[in-house]
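Asks: with the sequence up front, the predicted model follows.
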Amino acid sequence: MKFFIDTANLDQIKEAQDLGVLDGVTTNPSLMAKEGITGKENILNHYKAICEIVDGDVSAEVIATDFDGMIQEGEALAALHPQIVVKLPMIKDGVKAAKYFSDKGIKTNVTLVFSAGQALLAAKAGATYVSPFLGRLDDISTDGLNLIAEIRQIYDNYNFETQILSASVRHTMHVIDCAKLGSDVMTGPLSSILGLLNHPLTDIGLAKFLADYKKGN
Ligand code: E4P
């Protein structure tokens with residue numbers, strides 16, 4: 001299972017990278033705005049800075065919502081750095097654009113996916129990644145994990161190569177549940193990765209080992 005971090009914050013990306021478990025980064029326009037990164041030039045430079053920190057795929061989202069605009073923007077993004085994955089919204093022109101980029105060998109991430117039907121279309125279009133937003137479904141009292149399970153079943157039935165990138169992960173239990181369901185990737189905040197470290201018995205056990213060592217030395 002790949003671990004992506006869902007942020008545009010360079011310090012947090014560095015921290016996850018330093019831990020040695022990071023496989024990539026996802027961003028979106030809201031995450032960029034949260035870091036105060038505005039204006040086309042600054043945004044493009046920020047993507048390059050992210051690519052210099054991590055070894056894996058970095059999703060960069062298009063703003064255009066029409067086919068021609070998505071192609072123009074996506075090609076410019078892909079040309080920025082070999083690690084860039086063009087992130088496209090799950091709308092009609094986004095599906096067409098995913099097919100266009102897939103035919104050209106450019107990686108894509110189809111985002112804002114909330115149903116199995118949408119995920120099926122993304123796979124048919126040859127998307128590299130599909131991003132079901134499980135946290136946002138949970139937010140409206142709908143079982144987000146059930147969507148991940150449905151997509152896993154459908155993709156396995158037909159050996160679709162599109163990777164399930166469970167997105168909108170909010171906490172450690174989402175990460176564990178996604179792993180149990182066979183999600184290929186999860187993307188979440190740094191806290192959802194670091195939280196996996198925690199267990200009181202680890203802390204108690206380590207304190208005892210160190211105390212016993214001191215007794216004999
Ligand atoms: C995915 O790529 C999105 O950036 C993200 O996971 C959305 O998460 P949120 O619902 O916590 O904003």
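Replies: Yes, it's here. Just so it is clear, the structure is predicted and the values come from calculations on it, not from any experiment.

Asks: a helix runs through residue 85, doesn't it?
Replies: No. Read with DSSP: H, G, I helix; E, B strand; the rest coil, residue 85 is strand and lies in no helix.

Asks: okay, it: pLDDT?
Replies: On pLDDT, residue 85 comes in at 98.

Asks: what about the nearest residue to it once chain neighbours are set aside, distance to residue 113?
Replies: With Cβ to Cβ, 6 or more residues apart in numbering as the criterion, residue 85 has its nearest non-adjacent residue at 4.3 Å, and that residue is residue 107. Heads up, the C-betas are built off the backbone N, CA and C, glycines and all. Separation of residue 107 from residue 113 (Cβ to Cβ, to the nearest Å) stands at 16 Å.

Asks: neighbour-wise, which of those two wins?
Replies: Ranked by neighbour count (other Cβ atoms under 10 Å), residue 107 and residue 113 place residue 113 first, with 25 against 18.

Asks: quick one: that one and residue 119 touch, right?
Replies: Yes. Residue 113 is within contact range of residue 119, at 5.5 Å (criterion: Cβ atoms under 8 Å).

Asks: can you check which residues contact both of the two?
Replies: Here residue 113 and residue 119 share the contacting residues 130, 132, scored by Cβ atoms under 8 Å, 6 or more residues apart in numbering.

Asks: wasn't residue 22 part of a helix?
Replies: No. Using three-state DSSP, the assignment for residue 22 is coil, not a helix.

Asks: and residue 100, what does it touch?
Replies: Taking Cβ under 8 Å, 6+ apart, one finds 67, 71 in contact with residue 100.

Asks: the residue most central in space within the chain: which element?
Replies: The chain has residue 187 as the residue nearest its centroid, 3.6 Å off, counting by Cα atoms, centre = their mean. If you go by DSSP states H and E, residue 187 is part of strand 185-188.

Asks: anything in that strand near the ligand?
Replies: Yes. Residues of strand 185-188 are located near the ligand by Cβ under 6 Å from any ligand atom, namely residue 187.

Asks: cool, and stretch 155-164?
Replies: No. If you take Cβ under 6 Å from any ligand atom as the test, stretch 155-164 misses the ligand, and the best it gets is 12.5 Å.

Asks: so for that stretch, mean pLDDT?
Replies: 98.

Asks: in it, what's buried?
Replies: 155, 160, 162-164 (16 or more other Cβ atoms under 10 Å).

Asks: stretch 1-16 and the ligand in contact?
Replies: Yes. Stretch 1-16 lies within reach of the ligand by Cβ under 6 Å from any ligand atom, at residue 6.

Asks: identify each buried residue in that stretch, please.
Replies: 2-9, 12-13, 16.

Asks: go on, stretch 166-174?
Replies: Buried, per 16+ other Cβ under 10 Å, within stretch 166-174: 166-170, 172, 174.
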